[in-house]
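Asker: got a sequence here, can you model it:
(one chain, ligands or ions: 1)
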Amino acid sequence: MSHTLAPPDGKVRLTVIHPAIVRVTHWLNAAAIVMMAMSGWKIYDASPLFGFMFPNWMTLGGWLGGAIAWHLAAMWLLVANGTIYVVYGLASRHFARDFLPISPRGVVRTLREALTFRLQHRLGTYNAVQRLLYVAVLLCGVAAVASGLSLWKPIQLQALASLLGGYEVSRRVHFLAMGGIVAFTAIHLLLVILVPSTLVAMITGRARVETTEAEMRS
Ligand code: HEM
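Answerer: Residues are numbered from 1 along each chain as shown. From the prediction side, this is the model:
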């Protein structure tokens, strides 16, 4: 995750913790997700699946046709940009290095530390809960795109639609995946508010990171 910029003469180094490709794709994906969720809620309102509707102020597109146009436009942005992020994450081993391993014990320990206000956030290193959330949101994104494609082209992509259990099940999978992404975003924003220095680093890419003696020797 990090590339040192300054020669180490102390224990704190100015380090690139988020390469440009991660920052650019992160912010474009965030914008695409907001557009997709808000236009998706307008589309949902035209034929509500459950016993509620989304208020107009939470939606994008103005009417069903407009919302579908926004949804598909943002979909291309999300799919193209998301593919770049995922290919980079796999090929550079960023996912393997920074999102794994995730152990149940690590998650419990991090939650316990957070709830007792003892959690230390080390910029440039994701804790077990962050890792779990990032992997979960990536899987929700894959489920949202796959079920969305099955709803968009149910005839051409019959194999995908039947793999997901048909059109009606795909609608529910799509809604559930959206719920997961929205819940992730709410927790993610709360964590960013609690540790605002992470936001500066996600914009500039750089942070002053404390290094251990062992890291300084390596
Ligand atoms: C719109 C407001 C958002 C803000 C202010 C924000 C902010 C941030 C920040 C500050 C980090 C770095 C955390 C750290 O260093 O500890 C981060 C990482 C991340 N965010 Fe967001 N985020 C937003 C939306 C989203 C959305 C909508 C998603 C996906 C649904 C998302 C997915 C991620 C992922 C996967 C990472 C890890 C990036 C990596 O290292 O590859 N974010 N975000």
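Asker: all contacts plus neighbour counts: C-alpha atoms, from now on.
Answerer: Will do.
Asker: and the residue of the chain nearest the ligand?
Answerer: Residue of the chain nearest the ligand, by CA to the nearest ligand atom: residue 199 (3.5 Å).
Asker: and that residue, that's in a helix?
Answerer: Yes - Residue 199: assigned to a helix according to DSSP: H, G, I helix; E, B strand; the rest coil.
Asker: the protein: strands as residue ranges?
Answerer: 3-4, 12-16, 206-210 (DSSP state E).
Asker: circling back to that earlier point, and for the residue of the chain closest to the ligand, nearest residue in space, chain neighbours not counted?
Answerer: residue 192 (6.4 Å; CA to CA, 6 or more residues apart in numbering).
Asker: go on, residue 150?
Answerer: residue 161 (4.8 Å).
Asker: repeat for residue 42
Answerer: residue 59 (5.3 Å).
Asker: the one you found and residue 44 touch, don't they?
Answerer: No - in this structure, residue 59 is not within contact of residue 44 by CA atoms under 8 Å, at 10.0 Å.
Asker: if we can go back for a sec, the residue nearest to residue 150 and residue 146: what is the separation?
Answerer: Noted for residue 161: a distance of 9 Å to residue 146, by CA to CA, to the nearest Å.
Asker: what does residue 115 give?
Answerer: 36 Å.
Asker: burial of residue 161, as a residue count?
Answerer: By the criterion of other CA atoms under 10 Å, residue 161 has 24 neighbours.
Asker: so who does residue 123 touch?
Answerer: 17, 198, 207, 208, 209 (CA atoms under 8 Å, 6 or more residues apart in numbering).
Asker: and with 10 Å instead?
Answerer: Residue 123 sits next to 2, 15, 17, 195, 197, 198, 201, 206, 207, 208, 209, 210 when contact means CA atoms under 10 Å, 6 or more residues apart in numbering.
Asker: determine which two of those are furthest apart.
Answerer: 2 and 195 (19.0 Å; CA to CA).
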